[in-house]
Structure formats: C-alpha cells, structure tokens
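J.: Sequence and predicted structure are below.
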Amino acid sequence: MRTASLTLDPAFTVGPVPHRLFGSFVEHMGRCVYTGIFEPEHPSADENGFRTDVLELVKELGPTVVRYPGGNFVSGFEWEDSVGPREERPRRLDRAWRSIETNQFGLAEFDAWARAVDTEPMMAVNLGTRGLQEACDLLEYSNITSGSKYSDLRIAHGSKDPFGIKLWCLGNELDGPWQTGHKTAYEYGRLAAETGMAMRLIDPDIELVAVGSSNRRMPTFGAWESTVLELAYDAVDYVSLHAYYEDADGDVASFLGSAVDMDLFIEQVVATADAVRARGKHSKKINLSFDEWNVWYQSRPHHAPGVQPWDVAPRVIEDEYSITDAVVVGTLLNSLLRHSDRVTIGAQAQLVNVIGLLRSEPGGDAWKQTIAHPFEQVRRLATGEVLRVAATSDKYESDKYGDVDVVDASATWDEDTSTVSLFLANRDLADSAKVDVSLRGFDVSKVVTAKVLAATEGQDRHTTNLEGAHDAVGLRPLQDVTVAEGVATVVLPPLSWAVVQVAKA
Ligand code: AHR
C-alpha cells in the first residue's frame, strides 16, 4: 500500500474557484460542430438543428465557457461567410484541417447554442490571414446594439439583440509554424496591441487574451511571452497556454506525471508575465487563460493536410479515452485548481468527437468518454475557495519528470455548505494508496460524497467507453472512506481518480 498525507486549513487558500476555469472548446474541426453539436437530420435535432442528445450531455458537464470557432481553423476564417441566410453562405476550403466548411453553423447558431447550454462564449478573431479591421467589424456585428453598418447587418440577419460577447482571443497559436499567418513574437505583439486597443474603443467592457506559446516545448517559449507582453501589456488581460499530453513510447510513468509539466508551464508563464510587469512598472497583473488542454494521441496517424480528399466534417483525431487518460485528466484539473489564483480561464479541448469529452455518431448515439467524468465532477463540486494542499506522498520514478508524487490532490472549501471537496488521483498502476487528510480548523465529520473511477473486474487501464458500451467506465461508490477526529482517511484503488466530500454533521 502506498501512502500520502495532506493537511488542509481554511486559513490557507489559493483564492475563490474561478467560474471560468471549467470551460471547453468547439472548433470547426472534424466532427466537433457538424454531426457533433449540429446535425439537422439527426432524430434528436431541434428546430435549430442542434442535437438535443448532445445538448443534454453538455448541460450535464456544464462547461462554464466555450471557446469558438478555433483553433487553427480561425486563422483562415472569414466570419462574414458564416452569417446571413444559410442558403447564401459559401462553402470554403479550410486549409488548417483540409476540410470543406459549409458555414451552415455560424455566429448566430453558436450564440443560440451557447444560450441553450447556458455557457459563456469566448470568441477568437482571425489574426492569421486577417487583422485589426476584420476583428473590429466582427466585434461591431456581435456587440453593438444598432445604428451602424455591422450591427444593422446582424439585425437584418435576424438577430435583434447583440450577442454581448465579453471574452475575445486575439488569434490562435501564431507562434506555431503550422499556423496560417504564423508570426514572429514582434510581429504578433504589435498586431495584438493595435487590434486590442482598437477593439476596446468599440467595446471597453471586453476582456482580451493574447496568444502565448502553443506548448512548453516550443523553441520560442518564454521569449515569445516576454516580447508579446512587452508590446501588448496595456492592451490585453490574459495570456494563453496550450498543452496536450499522451501515453507514448511505453512511458506510462511520465504520462501519469503530466500534471508536473502543467504545473511548471503555468509557473513559468506567471514568472514571465510578472517580470514584464516589473520591468514596465505596470500595476495590473496579466492572468492566464489555459484555453487548450487535454490528452491527445498526436503521435498516432491522423488526418494530415495534403493527404486526404476535401470532405465535409471528416473524422479527425477522434481519440477514444481510457481509464489511464481519465486519471491524467483528473490530475490536469488539479493543476489548474492549484494555480487558480492566476489561471482564471480554462478550456478543455475539445467538447465533442475531436479529442472530445463527448462522442456522437452521425444519426446515432451520443455518450460520455472516460475523461468527461473527472471534468464533470470537478466542474460541479469544486465550489467556494481553493485550498492550499500541504502534501507529502510516496514517490515513483519517471523518465521525464524524475520523482513524481504517487498521490495528486486538490481541494476546495465551501463555507456556505460547510463542505470540503477533495479531488484525488492514485498514479500507482498496481498498488492502492492510503491518503490521510488532516482537516485542521474545519468542523466537518460526515462523508457526503465518495466516488471513484478505476478499472472494475474484467477491465484494465486501457478500457474505454465505446458505442454499445457507453458506460463501461464511470464513477462508482468509493467504500474506503472514514472521518474521525478531524482526519479523513481514503483508500484509493490502483490507478484511480476519486472525489470525496466531507461536510458538517
Ligand atoms: O485542438 C486541436 C488543435 O490543437 C487546435 O486547432 C490548435 O489550436 C491546437 O494546435
């Protein structure tokens, strides 16, 4: 049996749980939009063409914010194609994912869908093939009530009320050579500063996200953030981070330690942003928008530009997630919570089919992937204040990250309901882990929730939820939980993710 001990105290907090931390992402990529959230021919489709089976699952997950419309897609997107009468909208080549974009789902449809699932839209503008003027036109179309060219056009298109979008991404991954309109940090920093400043003149209430590094391994990582923020500090509110992890090269030990990398990535971006703040004598802090994160099997063959024919909604990176992946996703959520004083926006990528929390088949079923379970639980149960977790844990060795804690944890404290919520992962593939949690200063003694995701009989760490076996992997009651004299003791099965809530008796 492996062991860990955690100490919590209501006086030691990271800060309030940021509402926007549990977002997701809908990109015009593969089948995320078409046959994902939108499929007018599907038996469950409503009058808007939205799949209501998917919609109901999205409502259960409850993403608090949804980024749209890309991703790499946005760097070639002409927003004007996606508005107005559907029959007049052009079919366009999407170079990023080598697909045909029909534009049958566009801005008004996204606005209606976001309202239907009760989420906040986070809109990205194209700073790849387009620039300041088109970003301002899109903002005018979206947020100005009436009486100007683009606001009146929106009204003529049938949307009387403005969309009222507050959160805007100034482009996507422009540090990446794969990006249409890839730029140097200087080129992008100037463009972001000019565009952000002009957009604020149209709507001073918007919040702007500057593009950070596409991942921590980028050769320009650090220097990119530094240059971009030197140039655009006053114009922006957030800098973005993207990270994907995979179980590759037979190195599952490192894969299970992915949150160590995420912790480091966040801490390095915070340090870089704060160094620019100090140099520029700025009083405002730049916070972090971790607006693409997930497990993604990038080394497996997938739809490669230049190879496939031009199709509508091809199957692109429809990764099927295992129990191991769900445990890793649980630890990535822990990393976000641990740093939620500075990471105040998060967007898991993506919502449906494309590295999706959900899967759906054209004309067929929709279901939750394994990774949807930790996402949903943390989104629903992490409330109140994020607690600082003082942890000591047994360790294991990994090639990429050295010694890694066997038990990974985060915790929240909700004073209104007098509830401590613990989100725990056991990274050991073979052994259970006993976790003692010292609940100092909390008057809690009743276990109100104890659920675990782990392999059951006949399953192994590779088990997934498939069509015809939607619920193979899910949450089941965790039996081994006790609380006595201010100490909760939890026994986690091998390779598992769990949520435990302890409340006032
Ligand atoms: O989420 C899939 C892709 O990953 C996005 O389009 C891009 O921004 C990132 O590289």
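T.: Arrived safely, thanks for sending.
J.: What count of nearby residues applies to the residue of the stretch 1-150 of the chain at minimum distance from the ligand?
T.: Across the stretch 1-150 of the chain, no residue is closer to the ligand than residue 71, which sits at 2.9 Å (C-beta to the nearest ligand atom). Where you see a C-beta, it was placed from the backbone N, CA and C, and this is true even at glycine. Burial measure for residue 71: 27 neighbouring residues, criterion other C-beta atoms under 10 Å.
J.: right, and it touches residue 27 too?
T.: Yes: applying C-beta atoms under 8 Å as the test, residue 71 and residue 27 come out as touching, 3.7 Å apart.
J.: Give me the common contacts of the two.
T.: Listed as contacting both residue 71 and residue 27 by C-beta atoms under 8 Å, 6 or more residues apart in numbering are 349-350.
J.: mind checking which helix or strand the residue lying closest to residue 444 once chain neighbours are set aside is in?
T.: In this structure, residue 444 finds its nearest non-sequential neighbour in residue 502, 4.6 Å apart by C-beta to C-beta, 6 or more residues apart in numbering. Using DSSP states H and E, residue 502 sits within strand 496-503.
J.: can you give me the mean pLDDT across that strand?
T.: When pLDDT is averaged along strand 496-503, the result is 98.
J.: can you map out the helices along the chain?
T.: All helices of the chain, identified by DSSP state H, fall at 52-61, 107-117, 132-143, 149-156, 185-202, 223-232, 252-256, 258-279, 323-338, 372-381.
J.: What residue in the stretch 351-500 of the chain comes nearest to the ligand?
T.: residue 355 (6.2 Å).
J.: just checking, that residue touches residue 316?
T.: No: with contact defined as C-beta under 8 Å, residue 355 and residue 316 do not form a contacting pair (9.3 Å).
J.: which of those two has more neighbours?
T.: Set residue 355 next to residue 316 and count neighbours by other C-beta under 10 Å: residue 355 wins out with 28 against 21.
J.: so what's the more buried one up against?
T.: Listed by C-beta under 8 Å, 6+ apart, the contact partners of residue 355 are 244, 294-296, 317-319, 349.
J.: ok, and which of those residues reach the ligand?
T.: residue 349 (C-beta under 6 Å from any ligand atom).
J.: one step back: right, so the helices of the chain: which one is the most enclosed?
T.: Looking across the helices of the chain with neighbours counted as mean count of other C-beta atoms under 10 Å, the highest average goes to helix 323-338: a mean of 26.
J.: tell me how far that one is from the chain's mean position?
T.: The chain centre lies 12 Å from the centre of helix 323-338; the measure is C-alpha atoms, centre = their mean, to the nearest Å.
J.: what's the neighbour count on the residue lying closest to residue 440 once chain neighbours are set aside?
T.: Distance criterion C-beta to C-beta, 6+ apart; nearest residue to residue 440, sequence neighbours excluded, is residue 9 at 4.5 Å. Residues lying near residue 9 (other C-beta under 10 Å) number 15.
J.: Hmm, residue 9 is touching residue 437, no?
T.: No: if you go by C-beta under 8 Å, residue 9 and residue 437 don't touch, sitting 11.4 Å apart.
J.: For residue 439, see how far away the nearest residue to residue 418 once chain neighbours are set aside is.
T.: Distances taken as C-beta to C-beta, 6+ apart put residue 504 closest to residue 418, at 3.8 Å, once the chain neighbours are dropped. Using C-beta to C-beta, to the nearest Å, residue 504 is found at 11 Å from residue 439.
J.: Give me the more crowded residue out of the two.
T.: Neighbour comparison, residue 504 and residue 439: the larger count goes to residue 439, with 23 against 13 (by other C-beta under 10 Å).
J.: that older thread, relative to residue 187, how far out is the residue of the stretch 351-500 of the chain closest to the ligand?
T.: In terms of C-beta to C-beta, residue 355 sits 29 Å off from residue 187.
J.: got any ranges where this structure has weak pLDDT?
T.: 301-306 (pLDDT under 70).
J.: near the ligand, which residues of it show up?
T.: Residues of the chain lying near the ligand (C-beta under 6 Å from any ligand atom): 27, 29, 70-72, 172-173, 214, 292, 349-350.
J.: what's the neighbour count on residue 125?
T.: Per other C-beta under 10 Å, the neighbour tally for residue 125 reads 26.
J.: contacting residues around it?
T.: Here residue 125 is in contact with 74, 134-135, 138-139, 168-171, 195 (criterion: C-beta under 8 Å, 6+ apart).
J.: Give me the spatial nearest neighbour of residue 92, chain neighbours excluded.
T.: residue 101 (4.9 Å).
J.: so who does the one you found touch?
T.: If you count contacts by C-beta under 8 Å, 6+ apart, residue 101 has them with 28, 73, 81, 91-94.
J.: Now for the residue of the stretch 251-400 of the chain found nearest the ligand, how many residues are close by?
T.: Of all residues in the stretch 251-400 of the chain, residue 349 sits closest to the ligand, at 4.1 Å by C-beta to the nearest ligand atom. Using other C-beta under 10 Å, residue 349 has 25 neighbouring residues.
J.: I'd say it and residue 293 touch.
T.: Yes: Residue 349 sits in contact with residue 293 when judged by C-beta under 8 Å, with a separation of 6.5 Å.
J.: Can you work out which residues contact both of these two?
T.: Joint contacts of residue 349 and residue 293 (C-beta under 8 Å, 6+ apart) are 242, 244.
J.: circling back to that earlier point, who wins for most neighbours among the contacts of residue 101?
T.: residue 28 (28 neighbours).
J.: tell me the contacts of that one?
T.: By C-beta under 8 Å, 6+ apart, the contact set of residue 28 is 69-71, 73, 77, 94, 101, 105.
J.: Specify which member of those residues is nearest to residue 265.
T.: residue 71 (19.3 Å; C-beta to C-beta).
J.: Residue 168 and residue 124: what is the separation?
T.: Distance from residue 168 to residue 124, by C-beta to C-beta: 7 Å.
J.: Same check on residue 15?
T.: 27 Å.
J.: And for residue 101?
T.: Shown here: residue 101 relative to residue 124, a distance of 15 Å by C-beta to C-beta.
J.: Likewise for residue 31?
T.: From residue 31 to residue 124 the distance is 20 Å (C-beta to C-beta).
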